[in-house]
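> my questions concern the predicted model and sequence given below.
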Amino acid sequence: MKVDAHYYAVLGFCRACGFGKETALTVAYASQFVDDARINHMVIKGPIPEGVHHDVIDGLPCFFNMATCHSYTRIKTFNYDAMVNNTSAFHFVPGCSGKNFVKKMRCKEAGAVIEAVLQEVLEQDDPVKLGVTLHAYADSFSHQGFSGLISKVNDIDQLEIHEKSGILKDKLRKGLRWMREAFCKWGDWVVPAYGHGQALTFPDLPYMVWSYLYDYSDEFSDMLKSSGIIDNKERYKRAFKGMAKRLILYLRKHPAYQESEPDLDSLHPLFEALLTRKRGNARIRKWRRVLVARGLLDKGDADALTYDRDRWLKEAFSNFDRKNFNQRKVLEAVLRPDFSESNWYRYYLAVKWYKKRIFHHCTQQGLTICR
């Protein structure tokens, strides 16, 4: 899923389910930030406020192993640790089904592992953890069938679009046929079998209707089977219906975050916005209009209506600079005096907790992936 779903839709559903604005914004921001938190090693410079937990590497205080995404085009990220700690843990949670390791790593819609972590989060007074886990839960619907590792599981064939318009269908089929031939010839160089790369962006488009062939055998003997026609609208509906159910339950357990009773009538226009046949910024503009029109936000709620991937970094570090902080490793990070109360630090702690719980529940399901 993309920012329109992970941020704007989550924000809208939180508000419609009764969350106060500030808490809804925190949950939604944490949900989307999973796709933007690329820093994995940050060396701390200067004083460290009391109560701040950190690692020590080469004798220097730092934050480490907190990235939740990375650039999938960089060869350095094609390593087991990055794929397990980032891609698999947050975007392709293992479904733990199948007879071998590779098949167990395949993502499954609302699988046992993500459901177990989500149940734990519902008991915790931590909206940031809730947002992080909701991201992974949502992706389990859109990314199902694919793995967070470079794997034969992700090597698909005959990617097809199923459209009502015959003309559009023919044009798209021709384009896809050309791309499929390119995959076969240049796939190892251009599109490795990583995540849903060979399915392009189809899983992340809420209105897409599509299909593909995959090897369903445990031995990977090129015994191809059709995925059947995949209607993303139905997948996304199931994802956000499940999410709304959990959000209401969360407020019952943590009423301090509740501002109003759930407005289930507001969910209908939210589903319409979620499934609208628009792309990119047009989807975001649609969400902004709907959120204001339904009274879930006001026109003056600029911070909420515009997602800024740097917001939490700016609030936490006094020397924030996009160029320096837009790296996998940040060499000098100066913490603000109130850093321990910052959302970025809460996110860091939430990520550490989440990874431990994901690996724990994978092990409980007979899949050991953390070395």
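Looks like it arrived, so ask away.
> show me the shaky parts of the stretch 251-371 of the chain.
Within the stretch 251-371 of the chain, the stretches with pLDDT under 70 are 371.
> again, only using 80
Along the stretch 251-371 of the chain, the parts satisfying pLDDT under 80 run over 370-371.
> one more: the stretch 51-200 of the chain?
Confidence mapping of the stretch 51-200 of the chain against pLDDT under 80 gives the ranges 70-78, 163-194.
> give me that answer again for 70
Looking at the stretch 51-200 of the chain by pLDDT under 70, you get 71-78, 164-191.
> please, where are all the helices along it?
With DSSP state H, counting those that start in this stretch, the ranges of helices along the stretch 51-200 of the chain come out as 80-82, 101-104, 112-122, 127-142, 166-190.
> tell me which residues in the shortest one are buried?
This means helix 80-82. By 16 or more other C-beta atoms under 10 Å, the buried positions in helix 80-82 come out as Ala82. Where C-beta positions appear, they are placed from N, C-alpha and C, glycine not excepted.
> and that helix, how far from the chain's centre?
Here helix 80-82 is found 17 Å from its chain centre; the criterion is C-alpha atoms, centre = their mean, to the nearest Å.
> cool, stretch 92-104 as well?
That offset, for stretch 92-104, works out to 19 Å (C-alpha atoms, centre = their mean).
> and the contacts of that stretch?
Applying C-beta atoms under 8 Å, 6 or more residues apart in numbering, the contact partners of stretch 92-104 are 88, 105-108, 111-114, 136, 139-140, 143-144, 146-149, 151-153, 195, 218, 220, 358, 362, 365-367, 369.
> rerun that using 6 Å as the cut-off
For stretch 92-104, contacts defined as C-beta atoms under 6 Å, 6 or more residues apart in numbering pick out 105-108, 111, 113-114, 136, 140, 143, 147-148, 151, 153, 218, 362, 365, 367.
> kindly report the same for stretch 279-295.
Contact partners of stretch 279-295, identified using C-beta under 6 Å, 6+ apart, comprise Asp4, Tyr8, Gly12, Ser266, Pro269, Ala273, Thr276, Lys278, Leu297, Lys299, Leu305.
> please enumerate the helices of the stretch 251-371 of the chain.
Under DSSP H, counting those that start in this stretch, the stretch 251-371 of the chain gives helices at 267-274, 281-293, 302-305, 311-316, 322-325, 343-364.
> for the ones you listed, which one sits closest to Val56?
Of all these, helix 343-364 sits nearest to Val56, with 15.1 Å by C-beta to C-beta.
> would you mind pulling the contact partners of the closest one?
Around helix 343-364, the neighbours that count as contacts under C-beta under 6 Å, 6+ apart are 63, 66, 68, 89, 94, 113, 116-117, 128-129, 132, 312, 316, 339, 369-370.
> quick one: buried ones out of the residues you listed?
Neighbour-count burial (16+ other C-beta under 10 Å) is assigned, among the contacts of helix 343-364, to 63, 66, 68, 89, 94, 113, 116-117, 128-129, 132, 312, 316, 339, 369.
> just those now: which is nearest Gly46?
Among the buried ones among the contacts of helix 343-364, and counting by C-beta to C-beta, the member closest to Gly46 is Phe339, at 10.7 Å.
> where's the closest one relative to Tyr347, distance?
According to C-beta to C-beta, to the nearest Å, Phe339 and Tyr347 sit 12 Å apart.
> next one: Leu205
27 Å.
> quick one: which of those two has more around it?
Tyr347 (24 against 18; other C-beta atoms under 10 Å).
> against Tyr257, how distant is the more buried one?
Going from Tyr347 to Tyr257 by C-beta to C-beta gives 17 Å.
> kindly report the same for Phe13.
Distance from Phe13 to Tyr257, by C-beta to C-beta: 14 Å.
> give the residues shared as contacts by these two.
Common neighbours of Phe13 and Tyr257 (C-beta under 6 Å, 6+ apart) do not exist.
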